[in-house]
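Colleague: Next one to model:
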Amino acid sequence: MPAKVLDSFALIAYFRDEAGGEAVEQLLISAGRKDIPLHMTDVNYAEVKYSIVKKDGAAAWAEAAKVLEGLPIEFHSTTRALADTAADFKARFKMSLADAFAAALAKEMKAELVTGDPEFRPLHREIKIHWLK
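Modeller: All right, here's what the predicted structure looks like:
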């Protein structure tokens, strides 16, 4: 299984049982069985947290945070090199800074980015994308 990077869209879909959430659940199950974690930046983690707190409230985040502790996801802090790549993506493509960090991690790791966010469509020549349906 090639390395996979989750963007916030993917993890939010999982927590809210939205379209694509079931596919993310299957990736998490597979990652746990194979002891090969999925990956996410701390920037995208922050986006997941604020999105859940803002829309669903602090109690929903507390529950999600407990679930998150047991999921096979490795979180990556930003580095100057990752920030440089994210800044390059942000400058060249219309996308949020958090999405640029997810794309930068996928590029750095030569991994597939797991997303359903159409904002990533222009990056199909830059990174591999695993589209959620």
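Colleague: which secondary structure element contains L82?
Modeller: Counting by DSSP states H and E, the element that carries L82 is helix 80-92.
Colleague: Buried residues of that helix, list them for me.
Modeller: L82, T85, A86, F89, K90 (16 or more other C-beta atoms under 10 Å). No exception for glycine: its C-beta is placed from N, CA and C like everyone else's.
Colleague: tell me the residue furthest from the middle of the protein?
Modeller: Distance to the chain centre peaks in the chain at A59, reaching 22.1 Å (criterion: C-alpha atoms, centre = their mean).
Colleague: and the host helix or strand of that one, what's its mean pLDDT?
Modeller: Per DSSP H and E, A59 falls inside helix 58-69. On average, the pLDDT along helix 58-69 is 97.
Colleague: and what of stretch 4-21?
Modeller: Here the average pLDDT along stretch 4-21 is 96.
Colleague: again with stretch 85-97
Modeller: Mean predicted lDDT for stretch 85-97 stands at 97.
Colleague: Dump it to PDB, keeping only the CA atoms.
Modeller: What follows is stretch 85-97, C-alpha atoms only, in PDB (Å, rounded to 0.1, in the frame of the first residue of the first chain):
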ATOM      1  CA  THR A  85       6.700  23.700  -0.900                       C
ATOM      2  CA  ALA A  86       3.300  24.700   0.600                       C
ATOM      3  CA  ALA A  87       4.000  28.400  -0.200                       C
ATOM      4  CA  ASP A  88       4.900  27.400  -3.800                       C
ATOM      5  CA  PHE A  89       1.600  25.500  -4.200                       C
ATOM      6  CA  LYS A  90      -0.400  28.400  -2.600                       C
ATOM      7  CA  ALA A  91       1.300  30.900  -5.000                       C
ATOM      8  CA  ARG A  92       0.700  28.800  -8.100                       C
ATOM      9  CA  PHE A  93      -2.800  27.400  -7.400                       C
ATOM     10  CA  LYS A  94      -6.000  28.700  -6.000                       C
ATOM     11  CA  MET A  95      -6.100  26.900  -2.700                       C
ATOM     12  CA  SER A  96      -6.200  27.300   1.100                       C
ATOM     13  CA  LEU A  97      -2.900  27.300   3.000                       C
END
